[in-house]
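# when you get a sec, could you give me coordinates for this:
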Amino acid sequence: MTANKPGDPTTLNRLYGRSKGKKLRVEQVDLVDNLLPQISVPEAGELGSMQLFGDDRAMHFEIGFGGGEHMAHMAQTHPEAGIIGCEPFLNGVAMALAKIEDEGLEKDIRIHAWDVRELFEVTAAEIFDKAFLLYPDPWPKARHHRRRFVTPEHLEPLHRALKPGAEFRVATDIPDYVRQTLEEVPKAGFEWLAEGPQDWRRPWSDWISTRYEQKALREGRVPHYLTFRRI
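This is a model prediction of the structure:
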């Protein structure tokens, strides 16, 4: 796996942003040093269920898991599936590791603690059964819209990695992100499954409201829940 390190000038293949924010606490450093290597996605070899989880199970994929609330919740709600989470920010990774350890989810979650494009480079075709993009960085300035995940350079490899018929969920509170998602995701080979307003106003039955969503609600922004199917 070819790593794009902080400061790397070849930033077009990165989902932009800091890799580290606040200084980690001692217990977080311990988790990064000891638990993360145990559940990290290998840097070489096929990313199959047997290789990652030791059995034949469905695999879900979360793109930018933040602090890991949703990822941990889904692992508990769907123990029949294994979840691969990708997150470039070390502080979020550390928060997720604490949840994984506290809730005993080491056998059900694997983490790639850097850019999603690296993961796509080593992912076999048609491997994931479901994918999540939840409250991604909106990059509100027009000149930065190319940095959003919902662009062809990210959606095309995602389409390749998902199985036919796989579900792709997008949650966002930014109207312009909704617009771009509805324009770009279908062009990448996905079908929007909404039949009426309630299908994007109402969260999924297995949804957990994350801290990002709670902040959006406090600030008066309206969440949108978009469900697509990989064609």
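
# so for the chain, the centremost residue is which one?
Computing the C-alpha centroid of the chain and ranking residues by Cα atoms, centre = their mean puts Ile63 first, at 1.4 Å.

# could you find the closest non-adjacent residue to it?
Sequence neighbours aside, Leu133 is the residue nearest to Ile63 in space, at 4.9 Å (criterion: Cβ to Cβ, 6 or more residues apart in numbering). Yep, even glycine has a C-beta here, placed from its N, CA and C like the rest.

# shaky segments in this protein?
1-21, 44-45 (pLDDT under 70).

# over to the residue lying closest to Val116 once chain neighbours are set aside: give its phi and psi.
Residue nearest to Val116 in three dimensions, not counting chain neighbours: Cys86, with 4.6 Å by Cβ to Cβ, 6+ apart. Backbone torsions of Cys86, given as degrees, to the nearest 10, read phi -120, psi 130.

# Cys86: what's it in contact with?
Phe61, Glu62, Ile63, Gly64, Phe65, Ile111, His112, Trp114, Asp115, Val116, Leu119 (Cβ atoms under 8 Å, 6 or more residues apart in numbering).

# now the residue nearest to Leu162 when sequence neighbours are not counted: how far from Ile127?
In space, and not counting its chain neighbours, Leu162 is closest to Arg230: 4.3 Å by Cβ to Cβ, 6+ apart. Relative to Ile127, Arg230 is positioned 12 Å away (criterion: Cβ to Cβ, to the nearest Å).

# of those two, who's got more company?
Arg230 (24 against 18; other Cβ atoms under 10 Å).

# quick one, phi psi at Asp173?
According to degrees, to the nearest 10, Asp173 has phi -110, psi 10.

# now for it: which residues touch it?
Contact analysis of Asp173 by Cβ under 8 Å, 6+ apart lists Tyr135, Glu213, Ala216, Arg221, Val222, Pro223, His224.
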